[in-house]
Structures are given as C-alpha cells and as structure tokens.
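Asker: Requesting a structural model of the entry that follows:
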Amino acid sequence: MSRRKIRERIVQFLYQWEMSKGIGFEEMLRHFWDFSQFDQKEDRQQVEQWLRAIAQHKEEIEKKINSYVKNWSVDRLALVDKCILIMGIYEIFYRKDIPPAVSINESVEIAKKYSTEESGKFVNGILDSVLKDSGRKAWVSCP
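Answerer: Numbers count the residues shown, from 1 in each chain. Coordinates of the predicted model:
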C-alpha cells in the first residue's frame, strides 16, 4: 500500500472516530478493521502503528492546531480538515523518517481530494506555519 493510501486510511479512521464521540480508541479500531479492506497484513500493521501513535499525541496535536487557527477553534473546523491537520502535524513532529515537505504536500493533496480546493490552501498555510515553528527543515535527509 502506498503512503498516500495509508494517509487516506488514517484520515478516514480519524473522521469516523471524531463522528463516534464516546467510543474509545480500541473499540473504534476494531470497528474500523471489521469494515475496512486491506490487501496485506503488513498494510494493516503499518496503518495501526500510525494510528496508535497519533492517538497517543492527539490531545497535544489539537492544542497545536488551536494555536494556529486565527479567531477560530479546532472544534469549528471542517472535520475532514481537522483530521488532515492532525495527521500532518503528527508527521511533522513525530515522523523523522518523512521530510516535512512531503507530509505537507500529501496533506494538501488529500485535502483537495476529500474536502475543497480552499481546504488545500488552508491546510498548506497551517502546516507551513507549524513547520516554521518546529525548527525542522522542509527537506532533510531521512534515516
């Protein structure tokens, strides 16, 4: 499975989890697997690894989003955009094996596919600001 597909699955899971308020992560994950198609076991393992890491840092990531949206709160964002930002910020801060420029580009493309053209611009602006404040370079040699 390509990293783009992995990211799309992550956004799908996050969206479903956000829509299912009150359902815990483990229960939501079981439900997600029951209704998702995966070509290979390793694809599922890779998606689950990312999801568990995102869930571990989700509250902190949402605080970061709140600090970047001007005169707005994370709860008022379009849900798809919020999920994409959660994934993108997770990658910028916690996936040192992925150049931030790649994370931003992928997030923008997913926003354009699943949300709107304006969402792509919005996601790009937020993630670019996050990257500048993170101290990471957009293009780095990854291990």
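
Asker: Just say helix, strand or coil for residue 72.
Answerer: coil (DSSP: H, G, I helix; E, B strand; the rest coil).

Asker: What about residue 73, how many residues nearby?
Answerer: 10 (other C-beta atoms under 10 Å). Using the backbone N, CA and C atoms, a C-beta is placed for each residue, glycine as well.

Asker: Quick one: neighbours of residue 14, just the number.
Answerer: Using other C-beta under 10 Å, residue 14 has 24 neighbouring residues.

Asker: quick one, what contacts it?
Answerer: Counting by C-beta atoms under 8 Å, 6 or more residues apart in numbering, residue 14 touches 54, 83, 86, 87.

Asker: PyMOL command for the buried members of these?
Answerer: Those of these that count as buried under 16 or more other C-beta atoms under 10 Å are selected in PyMOL with:
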select buried, resi 54+83+86+87
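
Asker: Adding distance to residue 18, secondary structure and pLDDT, write the contacts of residue 14 out as JSON lines.
Answerer: Shown next, in JSON lines, are the contacts of residue 14 (distance: C-beta to C-beta, whole Å; DSSP: H, G, I helix; E, B strand; the rest coil; pLDDT from 0 to 100):
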{"residue": "54", "distance to residue 18": "12", "secondary structure": "helix", "pLDDT": "98"}
{"residue": "83", "distance to residue 18": "7", "secondary structure": "helix", "pLDDT": "98"}
{"residue": "86", "distance to residue 18": "9", "secondary structure": "helix", "pLDDT": "98"}
{"residue": "87", "distance to residue 18": "12", "secondary structure": "helix", "pLDDT": "98"}
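
Asker: Identify the residue nearest the geometric centre of the chain.
Answerer: residue 87 (1.3 Å; C-alpha atoms, centre = their mean).

Asker: how far away is that residue from residue 34?
Answerer: 22 Å (C-beta to C-beta, to the nearest Å).

Asker: Isn't residue 73 up against residue 66?
Answerer: Yes - the pair residue 73 / residue 66 is scored as a contact, 6.1 Å apart, by C-beta atoms under 8 Å.

Asker: Among the contacts of residue 14, find me the one that's closest to residue 108.
Answerer: residue 87 (11.8 Å; C-beta to C-beta).

Asker: The closest one: what's its closest spatial neighbour, skipping adjacent residues?
Answerer: Distances taken as C-beta to C-beta, 6 or more residues apart in numbering place residue 10 nearest to residue 87, at 5.2 Å, with adjacent residues excluded.
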